[in-house]
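**Q** Generate a structure from the sequence data that follows.
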Amino acid sequence: MIFFLFIMMFGLSSLQIQSQTIPRNISIFILAGQSNMAGRGGVYNDTAKNITVWDGVIPRECRSNPSILRLTAKLEWEEANEPLHADIDVNKTNGVGPGMPFANRVVNRFGYVGLVPCSIGGTKLSQWQKGEFLYEETVRRAKAAMLASGGGSYEAVLWYQGESDTVDMVDASVYKNRLVQFFSDLRNDLQHPNLPIIQVALATGAGPYLDAVRKAQLETGLENVHCVDAKGLPLEPDGLHLTTSSQVRLGEMMVDAFLAIPNSAELHSGFSVLVLFCLFFL
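**A** Down below sits the predicted model:
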């Protein structure tokens, strides 16, 4: 059933991207990860109705902006609004993530920002290896974002994933190898061998192997991979997902890491696309 839903959401290759009003020079930021990247800030259990809901609170840092767009599941551009993954992670309740605070911090530097969410909950890193459905759809949507304006360039990958891989000892033990392979394949398929990657070391995990996964994230050994540490950021009552304020802080941390990369802070006159590849844990 879950892969049927993936096909319904992402398998829309025959649809044309509406790009008539999109600036041509695109700078693409790829955000990848799990539930905390896509956003569970403000999501809580409504015990009276026995459902999970989003409180609808949108901080100033996450406000909409006509210069910040998102690519929908139908590959159409629209003004970005929280929650960014409402039409992507359709089996989950989505809230605030780091994408909008990140975009609001960089939009003045790049003129226009585009967000391309591709996030699904409960997925392990093994499902994001080259040849797997999620990986191939991620690459397809990233390339579709590039084609939206007839040109452009990828600027960075922002990645936050791993909670699911803390449960099983084997998954945790091979996490580094899989992570390095994922980054390498993604760079290769996007034809950008030194594409900057900003990844997040886990704040928490679902199992006993959190330290092993965090160690792998902090020590990839790959050139131009930069890590920000989410450990210590306040969590929602479920103990797994970052609060709204934590998501805002995380977005700011990722911006700081990105701007610290040489040449990343140069002013651009084009259109920036942030591609969200976020795996949701719950």
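**Q** Could you name the helices and strands sitting against the helix or strand hosting residue 114?
**A** According to DSSP states H and E, residue 114 maps onto strand 112-117. If you count contacts as 3 or more CB pairs under 8 Å, 6 or more residues apart in numbering; DSSP states H and E, strand 112-117 packs onto strand 26-33, strand 68-71, helix 99-110, helix 133-147, strand 271-280. Any C-beta I mention is one placed from the backbone N, CA and C, and that applies to glycine too.
**Q** again, 7 Å this time
**A** strand 68-71, helix 99-110, helix 133-147, strand 271-280 (3 or more CB pairs under 7 Å, 6 or more residues apart in numbering; DSSP states H and E).
**Q** And whatever helix or strand comes next after it, how far out from the chain middle?
**A** Once strand 112-117 ends, the next helix or strand along the chain (criterion: DSSP H and E) is strand 120-121. Relative to the centre of its chain, strand 120-121 is centred 11 Å away, using CA atoms, centre = their mean, to the nearest Å.
**Q** Stretch 44-62 now?
**A** Using CA atoms, centre = their mean, the offset of stretch 44-62 from its chain centre is 20 Å.
**Q** Distance from the chain centre to stretch 202-211, please.
**A** The answer for stretch 202-211 is 19 Å, by CA atoms, centre = their mean.
**Q** Strands of the stretch 101-250 of the chain, start to end?
**A** Using DSSP state E, counting those that start in this stretch, the strands of the stretch 101-250 of the chain run over residues 112-117, 120-121, 153-160, 197-201, 225-229.
**Q** now for the shortest one, which elements pack on it?
**A** Pointing back at strand 120-121 there. Using 3+ CB pairs under 7 Å, 6+ apart, strand 120-121 sits against strand 271-280.
**Q** Averaged pLDDT, the strand it packs on. What do you get?
**A** Strand 271-280 shows a mean pLDDT of 52.
**Q** do stretch 116-131 as well
**A** Stretch 116-131 comes out at a mean pLDDT of 88.
**Q** List the buried residues of that stretch.
**A** Within stretch 116-131, the residues scored as buried using 16 or more other CB atoms under 10 Å are 116-126, 128.
**Q** Just name the closest of those residues to residue 52, please.
**A** Using CB to CB, residue 121 is the member of these that sits closest to residue 52, with 11.5 Å.
**Q** The closest one and residue 100, how far apart?
**A** Separation of residue 121 from residue 100 (CB to CB, to the nearest Å): 19 Å.
**Q** before we move on, what about residue 113?
**A** As defined by CB to CB, residue 113 lies at a distance of 10 Å from residue 100.
**Q** Next: residue 178.
**A** For residue 178, the distance to residue 100 - CB to CB - is 29 Å.
**Q** remind me which residues of the stretch 151-282 of the chain are low pLDDT?
**A** Applying pLDDT under 70 to the stretch 151-282 of the chain picks out residues 151-152, 264-282.
**Q** Quick one: the helices in it, in order.
**A** Along the stretch 151-282 of the chain, the stretches classed as helices by DSSP state H, counting those that start in this stretch are 169-173, 175-189, 210-218, 244-259.
**Q** As JSON lines, the ones you listed with mean neighbour count and distance to residue 202 would be great.
**A** Listed next are the helices of the stretch 151-282 of the chain as JSON lines, based on neighbours: other CB atoms under 10 Å; distance: least, CB to CB, whole Å:
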{"stretch": "helix 169-173", "mean neighbour count": "16", "distance to residue 202": "11"}
{"stretch": "helix 175-189", "mean neighbour count": "18", "distance to residue 202": "10"}
{"stretch": "helix 210-218", "mean neighbour count": "19", "distance to residue 202": "5"}
{"stretch": "helix 244-259", "mean neighbour count": "21", "distance to residue 202": "12"}
